[in-house]
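Colleague: requesting a structural model of the entry that follows:
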Amino acid sequence: MRVAVIGAGYVGLVQAVGLAHLGNKVTLAERDPARVAEIRAGRSPIFEPGLPELLSATLADGSLVVTDSNHAAVKDAQIVFLALPTPQGDDGEADVSAIYSVADELAAVLPQDCLVVTKSTVPVGTNLEVGIRTRRPVASNPEFLREGSAVTDFMKPDRIVIGTEDRRNVDQLIELYRSIDAPILVTDLTSAEVIKYAANGYLAARVTYANAMANVCEAVGADVRDVLLGIGYDHRIGFSFMRPGPGFGGSCFPKDTRALVRLAADAGYDFSLMSGVIATNEEQFARTVAKVRDAAGGKLAGARVAVWGLAFKAGTDDVRESPAVRVIDQLMEAGADVVAFDPQASVPGIPEGGDAMSTIKGADVLLIATEWPEFQRYDLRAVATQMRGSAIVDARNLLDPIAVRAVGLSYIGVGR
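Modeller: Model (predicted):
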């Protein structure tokens with residue numbers, strides 16, 4: 001099929017490369033000239049395992065073309081995907097102005113029979129409005145990509161959701177994804193829009209529940225690893241998204257949970273459960289800061305804190321709403337001297353060391369804020385020698401407490 005993808009952000013780039021890999025003729029449109037040049041050169045602007053190889057291959061065989069013109073991208077397209085940012089507004093609602101702007105721009109040049117499909121996470125009613133503005137058939141096809149495994153999630157998804165009011169649109173999208181072996185859920189536009197928010201809201205609630213149970217375990221002297229292991233074997237619960245940490249973050253969970261609360265409020269329902277999830281997550285950041293303060297002797301002013309990790313999770317360079325960054329900001333506001341290291345990510349305004357070991361030199365406290373596996377491979381005796389203090393706050397439960405204590409360091413984990 002001839003496909004256009006508008007927007008070369010995280011979702012759009014993976015969608016375009018994935019569809020091209022499946023044998024479609026894909027044109028990817030992006031307004032940022034620097035990003036266009038980078039992608040055309042075969043370099044992925046985001047860190048995502050497997051993506052650079054697929055990008056180079058699809059560019060080389062001509063199945064993927066990159067342009068800086070939305071008009072050129074949609075000229076002969078049978079399906080046009082809108083993969084545009086929907087940042088959170090001040091009122092908690094998703095800002096869909098970019099989607100509407102592009103819909104207005106393309107209305108006069110879209111092929112008459114092309115299908116317009118929204119990939120972005122959008123509030124209820126957005127797809128109907130896109131249809132009105134473009135005067136074309138529309139469908140909702142929300143993405144469920146996990147950063148760090150997006151290519152695998154595209155090729156082997158848990159499900160494909162198609163929301164539309166016209167059966168012909170369903171047939172077209174089923175044909176597009178025919179080589180992917182996954183359940184296909186066909187529903188109406190509104191339900192498809194809500195499914196993405198519902199999924200992220202539920203997963204955020206699971207993360208928050210694990211964090212809350214870790215706090216209970218700390219209070220009563222239990223080990224949260226064993227507690228979550230004990231409940232995870234229940235097939236009704238499972239182990240997914242049940243690892244305690246400094247709080248959830250990333251590009252989806254924070255904004256989607258708030259948007260879900262706003263969506264419900266607009267419809268007259270007080271979604272207090274999700275509001276509680278958001279509030280509890282905010283408290284988790286503060287608890288992590290408090291652990292570092294205690295480890296530094298009761299005050300942060302003047303304390304040197306080394307932080308391993310900036311990305312919101314391992315396997316990505318994404319720092320949007322990163323718990324590590326949230327905690328670092330609070331540490332710096334309290335007067336701590338912070339230096340950080342991350343294998344892939346960086347953040348303007350946060351001092352960084354050249355590598356993990358140089359970062360901890362002279363540190364009073366080491367905070368592990370992102371669960372990069374390589375942080376487990378450092379010699380703990382060398383860590384103890386480099387540090388001025390003797391405390392490790394492991395906000396990801398990455399290290400073995402026994403091994404840490406064996407070299408004379410104190411260990412503060414989450415729920416352990």
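
Colleague: avg pLDDT for stretch 250-267?
Modeller: Per-region confidence: stretch 250-267 scores 93 on mean pLDDT.

Colleague: who's in contact with it?
Modeller: For stretch 250-267, contacts defined as C-beta atoms under 8 Å, 6 or more residues apart in numbering pick out 10, 87-88, 91-94, 121, 123-124, 147, 194, 196-198, 200-201, 203-204, 207, 248, 270-271, 274-275, 277-278, 281, 312-313, 318, 320-322. C-betas here are computed from N, CA, C, even on glycine.

Colleague: same check, this time on stretch 16-32
Modeller: By C-beta under 8 Å, 6+ apart, stretch 16-32 touches 1-8, 12-13, 36, 39, 51, 54-55, 57-58, 63-70, 72-74, 77, 151, 154-155, 176-177, 179-180.

Colleague: rerun at 6 Å
Modeller: 1-6, 8, 36, 54-55, 58, 63-67, 70, 73, 154, 179 (C-beta atoms under 6 Å, 6 or more residues apart in numbering).

Colleague: out of the contacts of stretch 250-267, which end up buried?
Modeller: Buried subset of these (neighbour count, 16 or more other C-beta atoms under 10 Å): 10, 88, 92-94, 121, 123-124, 147, 194, 196-197, 200-201, 203-204, 207, 248, 271, 274-275, 277-278, 281, 312-313, 318, 320-322.

Colleague: about what we covered before: from the contacts of stretch 16-32, which land in helices?
Modeller: Val36, Leu54, Leu55, Thr58, Asn70, Ala73, Phe154 (DSSP state H).

Colleague: picking that back up, of the contacts of stretch 250-267, which belong to strands?
Modeller: Among the contacts of stretch 250-267, no member is found in strands (DSSP state E).

Colleague: how about the strands in this protein?
Modeller: For the chain, the strands defined by DSSP E occupy 2-6, 25-29, 64-67, 79-82, 115-118, 138-140, 160-163, 184-187, 304-308, 337-341, 365-368, 391-394, 410-412.

Colleague: name the helices or strands packed onto the fifth one?
Modeller: Here strand 115-118 is seen to pack against strand 79-82, strand 138-140 when contacts are counted using 3 or more C-beta pairs under 6 Å, 6 or more residues apart in numbering; DSSP states H and E.

Colleague: the contacts of stretch 16-32, buried ones only, as a ChimeraX selection?
Modeller: Buried subset of these, written as a ChimeraX selection, criterion 16+ other C-beta under 10 Å:
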select :2,3,4,5,6,8,36,54,55,58,63,64,65,66,67,70,73,154
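
Colleague: so which of the helices and strands packed on strand 115-118 gets nearest Ala296?
Modeller: strand 79-82 (48.0 Å; C-beta to C-beta).

Colleague: tell me which strands and helices that closest one is in contact with?
Modeller: Packing partners of strand 79-82 (3+ C-beta pairs under 6 Å, 6+ apart): strand 2-6, strand 115-118.

Colleague: can I get the ones you listed in JSON lines with distance to Arg287?
Modeller: JSON lines is the format used below for those (distance: least, C-beta to C-beta, whole Å):
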{"stretch": "strand 2-6", "distance to Arg287": "41"}
{"stretch": "strand 115-118", "distance to Arg287": "38"}
